[in-house]
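Participant: Only the shape, not the letters, is given here:
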């Protein structure tokens, strides 16, 4: 009987061998990956490198190829072209059961006929770990995910959040070289999602497993990832740290997909400036080439817009959403332009629907792009 | 609900209402079930009780063990053996084949094929008795169309030891309606298998066979055993097809009962037929108990 080299200790917060485990993260290299389904290009030549122990979140709309890429890493999807290397080893042609990866699916992936403990020890059983050892290790992992007392429960006796915790424990039980998370929180309610999101990050940092986390939830991606990759139409549009992706998007798609933006009509001015809502601001560094006088759309974040009650203002508040400390205002401007602004909820009390306002952009736009009919989102 | 008045709990006017409503609802449920229960009583409970009672009666209405003793000896014991063997072989073969067909259809992911198989299985599962026997005799009987065609190309199966009017022939005919029954039983269970289970098992290190052995088979087992029991009892109790095909040359319990009740062989032996009927009921009950035991274990993880 062979047993994995790393034995997890009983401390659920930080196993004694965690430091050793933390060094086990491997580099993931994806090069030129292509995958087509008929005429649909799921992956159109994706290059991606994940450093050892790093957590990268892949973000993108439905059908952008993020899940296809994750499944290709797991070996569940064959590639038409490209290579995948895990820890320097080419695994492109390897079957899933030989890749040594762990995966947590969206939902309902626990074996329904096995208890939580048996689910977690499933992979260890396949590796020939002795019964007592695998029970002990599965118990430790259930402790790690906060379900030490639920080992004898069947999946249908667990809540959605608990099931995903068990799925996480099962995935890391086999000490994978890479952990793949396929929208693991999408089926859970908001509160559980936040809790489990933080748990996943804590465990990932504790164990130091190189992790690819696929999600369509930007809050999730921005809050857990070391770097965020934004995908669209089978291509990686940008891969950078969360704040770079948010503050310096590589293109208009990224700017509009991550966070909220308003598209405001603007005119390129002299000396690297752009005029938006009557104010001259620096052209954003990532802007496409534009000559003075060009009419463009400026993409502006809600938090960089100041809105004031003004009887002579050209804007009209048409919607107000209370978000707690802040509120979101939807302001209609002339020319069917819609502006989204964030104000404190105290300010918002005097800025209800129907109130005339004036608006001003207080920081350089994120991006300028060719004028479009879709002004804001 | 109750209200306190002067220190004493006094039922409020609406206090009894929920209880009454519950009782009324329960009554309506039972009233709805009444026709079915009446049907069950008339055509299952009463006849079964009559068979059990008659099995222990002699010709004059007195108690006797002789019917039971006779039903478990000689040709009747042989008939039980043959019937059990026939039911076991045909049900196991049909259960395995039906399950494999179902898995193939579901995994093919072709809606048209799915609809065709479901409809075809529904029709075939309900085909039996005389028409089925005739169809097989017309196809692969001594002078059947398929037999003639095979003879035309130089292979007459009857020259190689095959005969439709044999134990093997009966198994083949039974498979015609047993396999579709199994397909219908297994279809929901196979459709409920989630791709994620197999993918998760695979990623955790299981090969293709291990995925099935450790995940697919245990999850399908309750439905498979339920189907197997249905097929077994179907095959064990089938009468007309076997009677027409074999003309009594193969000793089977239903045929023996038929002969005794009709008085074809010995007049006045109806009580012996009832004793054989009691034996059949016992076999079916035993199969049901075995299934219930397995099901109870599976119920731990089923919702």
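Facilitator: Nice, thanks for sending it over. Keep in mind that what you see is a predicted model, and the values were worked out from it rather than measured.
Participant: any idea of the mean pLDDT for the helix or strand where residue B:209 lies?
Facilitator: Here residue B:209, judged by DSSP states H and E, is contained in helix B:208-211. Helix B:208-211 comes out with an average pLDDT of 93.
Participant: got the buried residues for that helix?
Facilitator: Judged by neighbour count using 16 or more other Cβ atoms under 10 Å in any protein chain shown, the buried positions of helix B:208-211 are B:210, B:211. Placement of C-beta: from N, CA and C, glycine included.
Participant: contacts for it?
Facilitator: Outside helix B:208-211, the residues that touch it by Cβ atoms under 8 Å, 6 or more residues apart in numbering or on different chains are A:126, B:198, B:201, B:202.
Participant: Sort out for me which of these are in strands.
Facilitator: Among the contacts of helix B:208-211, no residue falls in strands (DSSP state E).
Participant: Of all pairs in those residues, which one spans the longest distance?
Facilitator: Put simply, by Cβ to Cβ the two of the contacts of helix B:208-211 set farthest apart are A:126 and B:198, 13.6 Å from each other.
Participant: what about residue B:81, which SS state?
Facilitator: Assigned by DSSP: H, G, I helix; E, B strand; the rest coil, the conformation of residue B:81 is helix.
Participant: Run a quick neighbour tally on it.
Facilitator: If you count neighbours by other Cβ atoms under 10 Å in any protein chain shown, residue B:81 ends up with 12.
Participant: tell me which parts of chain A are close to chain B?
Facilitator: Counting by Cβ under 8 Å from any Cβ of the partner chain, chain A comes close to chain B at A:74-76, A:95-97, A:99, A:101-103, A:105-106, A:108-114, A:122-123, A:126-127, A:154-156, A:167, A:170-171, A:174.
Participant: Just the buried residues of the residues you listed.
Facilitator: Buried among the residues of chain A next to chain B (16+ other Cβ under 10 Å): A:74-76, A:96-97, A:99, A:101-103, A:105-106, A:109-114, A:122-123, A:126-127, A:154-155, A:167, A:170-171, A:174.
Participant: Would you point out which residue is most central in chain B?
Facilitator: residue B:230 (2.2 Å; Cα atoms, centre = their mean).
Participant: And chain A, by the same measure?
Facilitator: So for chain A, Cα atoms, centre = their mean, it's residue A:221, sitting 2.5 Å from the centre.
Participant: where along chain B do the helices fall?
Facilitator: Using DSSP state H, the helices of chain B run over B:17-40, B:46-55, B:66-71, B:74-108, B:111-125, B:129-140, B:145-152, B:167-191, B:195-203, B:208-211, B:217-237, B:240-246, B:253-262, B:270-298.
Participant: what's the answer for chain A, then?
Facilitator: Assigned by DSSP H, the helices in chain A fall at A:18-22, A:66-74, A:116-126, A:131-144, A:160-173, A:190-207, A:218-224, A:242-247, A:252-257, A:345-348.
Participant: Extract the residue ranges of the stretch 151-300 of chain B that are flagged as low pLDDT.
Facilitator: Residues of the stretch 151-300 of chain B meeting the criterion pLDDT under 70: B:263-268.
Participant: Would you tell me which residues of it are close to chain A?
Facilitator: Counting by Cβ under 8 Å from any Cβ, the stretch 151-300 of chain B comes close to chain A at B:194, B:196-197, B:199-207, B:210, B:214-215, B:218-219, B:298, B:300.
Participant: how far does stretch B:175-195 sit from the chain's center?
Facilitator: 14 Å (Cα atoms, centre = their mean, to the nearest Å).
Participant: buried set for it?
Facilitator: For stretch B:175-195, burial by neighbour count (16+ other Cβ under 10 Å) applies to B:175-187, B:189-190, B:193-194.
Participant: How about residues contacting it?
Facilitator: A:108-109, B:90-91, B:93-95, B:97-99, B:101-103, B:105-106, B:117-118, B:120-128, B:132, B:136, B:216, B:219-220, B:222-224, B:226-227, B:230-231, B:234-235.
Participant: got it, and stretch B:249-259?
Facilitator: Under Cβ under 8 Å, 6+ apart, the answer for stretch B:249-259 is B:75-76, B:78-80, B:82-83, B:86, B:165-167, B:170, B:236-239, B:242-243, B:246, B:248, B:264-265, B:273, B:276-277, B:279-280.
Participant: that older thread, which of the contacts of stretch B:175-195 count as buried?
Facilitator: A:109, B:90-91, B:93-95, B:98-99, B:101-103, B:105-106, B:117, B:121, B:124-125, B:128, B:132, B:136, B:216, B:219-220, B:222-224, B:226-227, B:230-231, B:234-235.
Participant: List the residues that contact residue A:86.
Facilitator: By Cβ under 8 Å, 6+ apart, the neighbours of residue A:86 are A:26, A:27, A:28, A:99, A:100, A:101, A:177, A:178.
Participant: change it to 7 Å
Facilitator: Contact analysis of residue A:86 by Cβ atoms under 7 Å, 6 or more residues apart in numbering or on different chains lists A:26, A:28, A:99, A:177, A:178.
Participant: Kindly report the same for residue A:266.
Facilitator: Neighbouring residues of residue A:266 by Cβ under 7 Å, 6+ apart: A:274, A:275, A:276, A:296, A:297, A:298, A:368.
Participant: The fourth one - nearest residue in space that isn't next to it in sequence?
Facilitator: With Cβ to Cβ, 6 or more residues apart in numbering or on different chains as the measure, residue A:368 is the residue that lies nearest to residue A:296, at 4.4 Å, once sequence neighbours are left out.
Participant: Test my guess that the one you found contacts residue A:298.
Facilitator: Yes: with contact defined as Cβ atoms under 7 Å, residue A:368 counts as touching residue A:298 (5.2 Å).
Participant: what sits in contact with each of these two?
Facilitator: A:266, A:274.
Participant: and the residue of the stretch 201-350 of chain A nearest chain B?
Facilitator: Nearest residue of the stretch 201-350 of chain A to chain B: residue A:212, at 13.4 Å (Cβ to the nearest Cβ).
Participant: From residue B:250, how far out is residue B:141?
Facilitator: 16 Å (Cβ to Cβ, to the nearest Å).
Participant: Please apply the same query to residue A:31.
Facilitator: 69 Å.
Participant: Same check on residue B:220?
Facilitator: Going from residue B:220 to residue B:250 by Cβ to Cβ gives 33 Å.
Participant: just residue A:283 next, same as before
Facilitator: 94 Å.
Participant: Quick one, grab the pLDDT at residue B:108.
Facilitator: Reported pLDDT at residue B:108 in the predicted model: 88.
Participant: Any idea how many residues pack against it?
Facilitator: With other Cβ under 10 Å as criterion, residue B:108 counts 12.
Participant: for residue A:353, same thing?
Facilitator: Residue A:353 has 11 nearby residues by other Cβ under 10 Å.
Participant: what's near enough to touch the closest residue in space to it that isn't next to it in sequence?
Facilitator: Leaving aside its sequence neighbours, residue A:353 sits nearest to residue A:317 (Cβ to Cβ, 6+ apart; 5.4 Å). Residues near residue A:317 by Cβ under 7 Å, 6+ apart: A:329, A:331, A:351, A:352, A:353, A:354, A:355, A:357.
Participant: now with 10 Å?
Facilitator: A:307, A:309, A:329-332, A:339, A:341, A:348, A:351-357 (Cβ atoms under 10 Å, 6 or more residues apart in numbering or on different chains).
Participant: do the same with residue A:163
Facilitator: The contact partners of residue A:163, by Cβ under 10 Å, 6+ apart, come to A:107-110, A:116, A:119, A:147, A:153, A:155-157, A:187-188.
Participant: and if you look at residue A:51?
Facilitator: When contacts are counted by Cβ under 10 Å, 6+ apart, residue A:51 touches A:25, A:26, A:27, A:28, A:210, A:226, A:227.
Participant: Distance-wise, check the closest residue to the fourth one other than its chain neighbours relative to residue A:169.
Facilitator: Looking back up the chat, that one is residue A:28. Nearest non-adjacent residue to residue A:28, counting by Cβ to Cβ, 6+ apart: residue A:50, 4.1 Å away. Remark: distance between residue A:50 and residue A:169 (Cβ to Cβ) = 22 Å.
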